[in-house]
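Undergrad: Sequence below, structure please.
(chains A and B)
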Protein chains: 2
Amino acid sequence: MCELLGMSANTPTDLCFSFTGLTRRGGQTGPHKDGWGVAFYEGKGVRCFHESGASASSRIAEVVQTHPIKSEVAICHIRQANVGAVCLANTHPFIREMWGHYWTFAHNGQLEGYLPQSGIFQPVGTTDSEALFCDLMNQVRLDCGPECDLERLTSFLVSRSQAYAQLGVFNLLLSNGDWLFTFCTTKMASITRRAPFGPARLKDADVIVDFEAETTPNDIVSVIVTEPLTSDEQWDLYQPGEWRLWQKGLVIDQGRVPIPEREHPAQA
Amino acid sequence: MCELLGMSANTPTDLCFSFTGLTRRGGQTGPHKDGWGVAFYEGKGVRCFHESGASASSRIAEVVQTHPIKSEVAICHIRQANVGAVCLANTHPFIREMWGHYWTFAHNGQLEGYLPQSGIFQPVGTTDSEALFCDLMNQVRLDCGPECDLERLTSFLVSRSQAYAQLGVFNLLLSNGDWLFTFCTTKMASITRRAPFGPARLKDADVIVDFEAETTPNDIVSVIVTEPLTSDEQWDLYQPGEWRLWQKGLVIDQGRVPIPEREHPAQA
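TA: Alright, predicted model coming up:
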């Protein structure tokens, strides 16, 4: 399976600290060594790094850990292969352009008996996650349309997520660079950091950051993950079926829908 | 304007040598300091690096120069901004998924009075190049279709390129990971390296490579550029209106179509 990391901030913020914790789980403190990827939005543009190997031993991941790339929205994924071979085409996050925006998607979980409908957006690789993403994008394109307001789009994303969650585990990060939509079936947690900032210590590496020294008093930075990254902060756990829509570091809409109870698979 | 670099090889090959030469022109030996990007195919997957700053002073470009990323098809671009602000969304190569393949595009030139038709693929940034790419993709999608054979697709790409070249400078690299289509209106040159391999010296950096030590006797690696990168090799210059279709390091189809005579803009 995999782990997810998303960020939403009200000012361009680097992800070095959280990314350092996550990527250790890609072959060092965790088993997710079958690829990693990250998408950083800069305005409407997005830059991505993808590799099909272990993030913990990647020279490129090391650069991303130490070279501050500033973004208001970012999505990361580390993979433990399940459906689909270990290869670049199967590495999240997946990206498509729709309506003049880049949409990015990372997923944790697996659906049973899922048959995507065909449409304009087609998977390049062989993961069920990318097939799901294309299916979701095809439906959003047809059902919502480019003039759709965010409230209606969100409502559609919730209803589709609820439908997918009937078939299995569907922990989701989805963004178009403006907002970050998150949906939890089994595990997700968030933390919002704002003034007064304090220090934080990673669980997976001997790294402490003092956010006070890295921020201004107006900064609001939220991090959303499948497994909390720090050992000395209070993470806000999602409930099964809970969704939150993030923008500029804050939850701007949220809710919870009924989904079947599921145990999360071991090591997922 | 900008410079282009493409590679086609019959075995996964790194681009470190050529990329080192090209990126020096991004703010050191050349004025193309307004962004750089590169797309490396690995099977059907593609990994990209994009930045809106100067490649000559980029830490990430430095990693790409020294960390061997092996690919059979790669496309690079360094930008000197003309139409569109300096920002990530305006940085080539541009990428879209169509028919389950990632298509990548980099362009040198500028068209006058060009009005793209609307379609599924829409530009995210504000360059005329990305608008051109989307226009081309929309037309290929509608006119060729997913079952179109390569000969018919090539013929369509040539006719569209010829039409664009009526409006200005249109030096093009386009790939879907399987083939690399190249079209020249003003400047393009290629070199095919195969056994017996020899040494080569970059024009823009004090770097010599001995390809004999880096290759096997069966390797065939071609590099296509807007300006030759080495000082001691014979580059094969394209004529205005000439196109070449590359696959696995070789030209598999080529031709020339009449286009208006154009001087290449200074510094382009």
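
Undergrad: Tell me the predicted confidence for A:Glu112.
TA: The score at A:Glu112 is 85. That number is its pLDDT.

Undergrad: Using CSV, write out every CA atom in the lengthiest strand in chain A.
TA: If you go by DSSP state E, chain A has its longest strand at strand A:2-13. Extracted in CSV, the C-alpha atoms of strand A:2-13 (Å, rounded to 0.1, in the frame of the first residue of the first chain):
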residue,chain,number,x,y,z
CYS,A,2,1.4,3.4,0.7
GLU,A,3,1.5,6.6,2.7
LEU,A,4,0.2,10.0,1.9
LEU,A,5,1.3,13.5,2.8
GLY,A,6,-0.4,16.7,1.8
MET,A,7,0.2,20.4,2.6
SER,A,8,-2.0,23.4,2.4
ALA,A,9,-0.6,26.8,3.4
ASN,A,10,-1.6,30.5,3.1
THR,A,11,1.9,31.4,2.0
PRO,A,12,4.5,29.6,-0.1
THR,A,13,6.1,27.2,2.4
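
Undergrad: which other helices and strands contact the helix or strand encompassing A:Phe19?
TA: Secondary structure assignment for A:Phe19, by DSSP states H and E: helix A:16-24. In terms of contacts (3 or more Cβ pairs under 8 Å, 6 or more residues apart in numbering or on different chains; DSSP states H and E), helix A:16-24 is packed against strand A:2-13, helix A:59-66, strand A:71-79, strand A:220-225. The way it works is simple: take the backbone N, C-alpha and C, and place the C-beta from them, glycine included.

Undergrad: Now the element after that helix, going C-ward?
TA: Next helix or strand after helix A:16-24 toward the C-terminus (DSSP H and E): strand A:36-42.

Undergrad: Now the closest residue to chain B within the stretch 101-250 of chain A: closest residue in space that isn't a chain neighbour?
TA: Using Cβ to the nearest Cβ, the closest approach of the stretch 101-250 of chain A to chain B is made by A:Gln122 at 4.2 Å. In space, and not counting its chain neighbours, A:Gln122 is closest to B:Gly100: 4.2 Å by Cβ to Cβ, 6 or more residues apart in numbering or on different chains.

Undergrad: what's the neighbour count on the one you found?
TA: Neighbours of B:Gly100 under the rule other Cβ atoms under 10 Å in any protein chain shown: 15.

Undergrad: now the one 10 residues further on
TA: Using other Cβ under 10 Å as the criterion, B:Gln110 is surrounded by 19 other residues.

Undergrad: That one reaches B:Val83, doesn't it?
TA: Yes. Applying Cβ atoms under 8 Å as the test, B:Gln110 and B:Val83 come out as touching, 6.5 Å apart.

Undergrad: Flag every residue of chain A that's near chain B.
TA: By Cβ under 8 Å from any Cβ of the partner chain, the residues of chain A that approach chain B are A:42-52, A:59-60, A:63, A:67, A:87-91, A:95-97, A:99-102, A:120-125.

Undergrad: that older thread, chain center to the helix holding A:Phe19: distance?
TA: 14 Å (Cα atoms, centre = their mean, to the nearest Å).

Undergrad: Kindly export it (C-alpha atoms) in PDB.
TA: What follows is helix A:16-24 as a C-alpha-only set of coordinates in PDB (Å, rounded to 0.1, in the frame of the first residue of the first chain):
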ATOM      1  CA  CYS A  16      11.500  19.800   3.800                       C
ATOM      2  CA  PHE A  17      10.700  18.800   7.400                       C
ATOM      3  CA  SER A  18       7.600  16.700   6.700                       C
ATOM      4  CA  PHE A  19       9.100  15.300   3.500                       C
ATOM      5  CA  THR A  20      12.200  14.200   5.400                       C
ATOM      6  CA  GLY A  21      10.000  12.200   7.800                       C
ATOM      7  CA  LEU A  22       7.900  10.600   5.200                       C
ATOM      8  CA  THR A  23      10.700   9.600   2.900                       C
ATOM      9  CA  ARG A  24      12.500   7.700   5.700                       C
END
